[in-house]
Every structure is written in C-alpha cells, then in structure tokens.
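>>> give me a 3D structure for the following:
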Amino acid sequence: MRTPDQLTQFGAASLPGLLGIVILQASPEEIYAELPVRPGVMAPNGYLHAGSIVSLADTCAGYGCIANLPAGASGFTTIELKSNHLGTARDGVIECKARPVHLGRTTQVWDAVVTHRETGKTLALFRCTQMLLYPK
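This is a model prediction of the structure:
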C-alpha cells in the first residue's frame, strides 16, 4: 500500500495534481483526500465546478481500487460512475472519503461522500464501479 504522500505524488503530473488534490489518509478500507476551493476549480458562475467534485471522488475511489487489486490484476478502469450533487461551495476546502462496497475479482464498487470541511455540509454522494484489468 502506498502512503498518502506517495499517492499524492502519483497523481501530481496528471488531473489530480492539476486540480490540487491531496491524499490525507490511505488504507485498503478508506481513502481520504482534500481539494482546496480556488479559482481554477470553479465554474464560470463562481461556484465549485461539479466536475471538480466528481474528479475528487473518482480519484479517491480509483486509489482505493489500486490498494485492493487482487493478485494478477494489472490495473483498472472506471466503467460507471454516478453522482448526486446536494450543494456547492465558493471557498474553503472540500473533503472526500471513499470506502469499498464490493471488492471482486473482476469489478470493484466504491462509495464516496464529498463534504465541505468548514461547514460539514454534504456536497455530493458518489458511486463508482471499476473493471479490473489483467494482462493478456
């Protein structure tokens, strides 16, 4: 299992790093991360972009999947995701906790909750299904 710092560095040169996602805790049972709300993650209307919330949750679920790859699996790809957006933010920090629902040999299902750190308000509920990949 990679450390939170290693996971943050793992995504530093790709979308998680571009957005500013920082992994705070990582275990096979839970991935916990944060994303500071700043102009680069906002929509043109001045509120947090829904895609920023989805990217935070999908990153957490994906890193959780990596932590739980079964023997012989070489990776994964997201095959379905669903998000219910319940609120938004204009400042502060948003947080995500992702936990496994199903850890199978061919698929994994992860649930994630995104909240606003300062208010405690739930911003989104998220479910992600990943297909595990095996070498040919």
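>>> now do Tyr32 against Ile23, distance only.
7 Å (C-beta to C-beta, to the nearest Å). In this view, the C-beta of every residue, glycine as well, is placed from N, C-alpha and C.
>>> cool, Leu125 as well?
20 Å.
>>> neighbour count for these two, which is higher?
More crowded of Leu125 and Ile23, by other C-beta atoms under 10 Å: Ile23, with 24 against 15.
>>> who are the neighbours in contact with the more buried one?
Shown in contact with Ile23 (C-beta atoms under 8 Å, 6 or more residues apart in numbering): Pro4, Asp5, Leu7, Thr8, Ile31, Tyr32, Ala33, Tyr63.
>>> list the buried residues for the longest helix belonging to the chain?
Using DSSP state H to define each element, the chain has its longest helix at helix 50-67. Using 16 or more other C-beta atoms under 10 Å as the test for burial, helix 50-67 gives 52-67.
>>> one more: stretch 83-98?
Ser83, Thr88, Ala89, Val93, Ile94, Glu95, Cys96, Lys97, Ala98.
>>> show me where this protein has strands.
Residue ranges of the strands in the chain, as given by DSSP state E, are 22-27, 30-36, 75-85, 93-103, 107-116, 122-133.
>>> quick one: strands adjacent to the longest one?
Next to strand 122-133 in the sheet, as set by DSSP bridges, lie strand 75-85 (antiparallel), strand 107-116 (antiparallel).
>>> relative orientation of that strand and helix 50-67 in degrees?
40 degrees (axes from the mean of the first three to the mean of the last three C-alpha atoms, to 10 degrees).
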